[in-house]
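Enquirer: Got a sequence here, can you build the structure:
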Amino acid sequence: MSKIVTEYEAKAALSQLECEVTASRILNKPESKLPYFAVALLGTAVCNYFVDSSGFEAPVIIRTILVTGLLIGLINMIDSYFMRRKLDAAITLLLVQEKRRAEGERD
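Expert: Below is the predicted model of the structure:
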């Protein structure tokens, strides 16, 4: 029975260590501006193509506002995704640290 318990403890420790390594890797990764530039460049081209090919009749300023609004929304979605990943990683590391501190007080 003790062998099974130690197997589960080992699996739990490895899982916790894997989560900790993944979280620290996410936090230490340098931030890339490539997704933002890609959305800005490719998004502008795609949006302008669809606006022009759809027969959408509007003044140029309205087209510009629509395309700019859509691109700003996409860039904000990408930014919030990356920020959420970093916040989740920070929370994971804080929970691991708190758990270790609680185990240290218990021993």
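Enquirer: Can you work out which other helices and strands pack against the longest helix along the chain?
Expert: In the chain, taking DSSP state H as the definition, the longest helix is helix 60-106. The contact analysis (3 or more C-beta pairs under 8 Å, 6 or more residues apart in numbering; DSSP states H and E) places helix 60-106 against helix 2-28, helix 34-53. Every C-beta, even on glycine, is put in place using the N, C-alpha and C of the backbone.
Enquirer: Compare the mean pLDDT across these and name the weakest.
Expert: Of all the helices and strands packed on helix 60-106, the minimum mean pLDDT falls on helix 2-28 (a mean of 81).
Enquirer: Buried residues, it. List them.
Expert: 20, 23, 26 (16 or more other C-beta atoms under 10 Å).
Enquirer: Same question for stretch 47-57.
Expert: So, applying 16+ other C-beta under 10 Å, buried residues of stretch 47-57: 47, 51.
Enquirer: Excluding its own residues, what touches it? List them.
Expert: 63, 66, 67, 70, 71 (C-beta atoms under 8 Å, 6 or more residues apart in numbering).
Enquirer: would you turn those into a markdown table with distance to residue 85, neighbour count and pLDDT?
Expert: Formatted as a markdown table, the contacts of stretch 47-57 follow (distance: C-beta to C-beta, whole Å; neighbours: other C-beta atoms under 10 Å; pLDDT from 0 to 100):
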| residue | distance to residue 85 | neighbour count | pLDDT |
| --- | --- | --- | --- |
| 63 | 34 | 16 | 83 |
| 66 | 30 | 14 | 86 |
| 67 | 28 | 17 | 86 |
| 70 | 23 | 16 | 89 |
| 71 | 22 | 19 | 90 |
